[in-house]
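# Here is the input, now give the coordinates:
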Amino acid sequence: YCMPQRESWTWSAPGQRKNVHLYDSTGMEMTYLAANNAKELLFPDWKQWCALTPGAQIPKEERENPAVVAMLQDATDTLFSYLNHSNFGQVISECLLDLMAGTCSLTIDEGDLDEPFLFDSTPLSCLDLEPGKRGTVQTTFNERKPVARNIPGLLPGRELEGLPTALQTRIRGRPDSEVELIQGIVYDEETRKYFGMLLWPEGHEIIWRYDYEDSNPRIVARSSVLSGEVYGRGRCMLALPDIKTINAMMRDYLQHAAMQINPPLTAVTDGILNPYTVRLVPNAVIPVSNADQIRALDVGGNYRVAEA
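Residues are numbered from 1 along each chain as shown. Model (predicted):
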């Protein structure tokens, strides 16, 4: 009802029609408007919406040191210089749309010297969250279907020759085919480290492992999490009853309007008029024996709920 074009829980295909059951666009327009307002308020483009400052572990007299403040400001300028030239603006918009539904996921990967930051948003239908012992999300899994030729670029520190032989053959022989992979970021309670992994289900092999140390490359944001649940309930869930009511009212209104414009007709079957072959088109001449042989069916009163 709010983002039908982003719905992928059941099945999806390129060019699929996903909003055929909607008769009112209020929910969709308000969802995108809320996400855009949140982006302009929290993450405005080409503006420094945060700054690096000395932490609480640094002595108070050192926090106000002009040299330290200037060094951190230079680091902030460098950070936003790369951030503004990355795909952060596009990806954060997708995350905020998912957050309107309740849960979003933002992943950052290491790039090259020209583009050090690579951001990615994981759809909710592909994301599996595993809550930690304190209720926070620490371990996550998601399904990916990259094109075969792009797989080596997804694995930092891993060359094509280090992949399984069957997967190498797939990449060289069918580079444009999709390969189903399962990516996971697993938190180890003992070492308090995050480990990345990439599983190839077809070959039953883990083709990549990575030690992120104490840094989690994936940020999961949730809205209004209920006790005992993992996923959040966003603003769309709060407004869903009103959205469904308006949609049902608009559906009934359009059906009634169609009945008023093109009402059902009753016709008498006799030797002159054959109702099974009559064509009701403009400027058509229909031979009848009397004026009452074809009559419009009375469909009831005037439905003016849309004017309320």
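# buried ones in stretch 165-173?
Residues Leu167, Gln168, Arg170, Ile171 are the ones in stretch 165-173 that count as buried (16 or more other Cβ atoms under 10 Å). For the C-beta atoms, the positions are set from N, CA and C on the backbone; glycine is no exception.
# Other residues contacting stretch 136-148?
Outside of stretch 136-148, the residues within contact range by Cβ atoms under 8 Å, 6 or more residues apart in numbering are 105, 122, 126-132, 154, 170-171, 174-187, 194, 216, 218, 220, 222, 230.
# For PyMOL, what selects the buried ones among the residues you listed?
Selecting only the buried entries of the contacts of stretch 136-148 in PyMOL, with 16+ other Cβ under 10 Å as the criterion:
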select buried, resi 105+122+126+127+129+154+170+171+179+181+182+183+184+185+186+187+194+216+218+220+222
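# Grab the two from the buried residues of stretch 165-173 that are most spread out in space.
Farthest pair in the buried residues of stretch 165-173 (Cβ to Cβ) is Gln168 and Arg170. Separation: 7.2 Å.
# Which SSE is immediately downstream of the helix or strand hosting Glu61?
Element membership for Glu61, per DSSP states H and E: helix 60-63. As assigned by DSSP H and E, the chain's next helix or strand after helix 60-63 is helix 66-84.
# Show me what the helix or strand just after that next one is packed up against.
Downstream of helix 66-84, the next assigned helix or strand under DSSP H and E is helix 88-101. Applying 3 or more Cβ pairs under 8 Å, 6 or more residues apart in numbering; DSSP states H and E, one finds that helix 88-101 contacts helix 26-42, strand 103-110, strand 117-121, helix 235-261.
# Most tightly packed of those?
Among the helices and strands packed on helix 88-101, ranked by average contacts under mean count of other Cβ atoms under 10 Å, first place goes to strand 103-110 (a mean of 19).
# contacts for that strand?
91-92, 94-98, 116-122, 124, 127, 129, 140, 142, 156, 217-223, 231-232, 234.
# Direction included, what does that strand pair up with?
Taking DSSP bridges as the criterion, strand 103-110 forms sheet pairs with strand 117-121 (antiparallel), strand 218-222 (antiparallel).
# So for Asp270, which of these sits nearest?
strand 117-121 (67.0 Å).
# and that closest one, what's its mean pLDDT?
The predicted model assigns strand 117-121 a mean pLDDT of 89.
# List the contacts of that strand.
Contacts of strand 117-121 (Cβ under 8 Å, 6+ apart): 82-83, 86-88, 91-92, 94-95, 98, 104-111.
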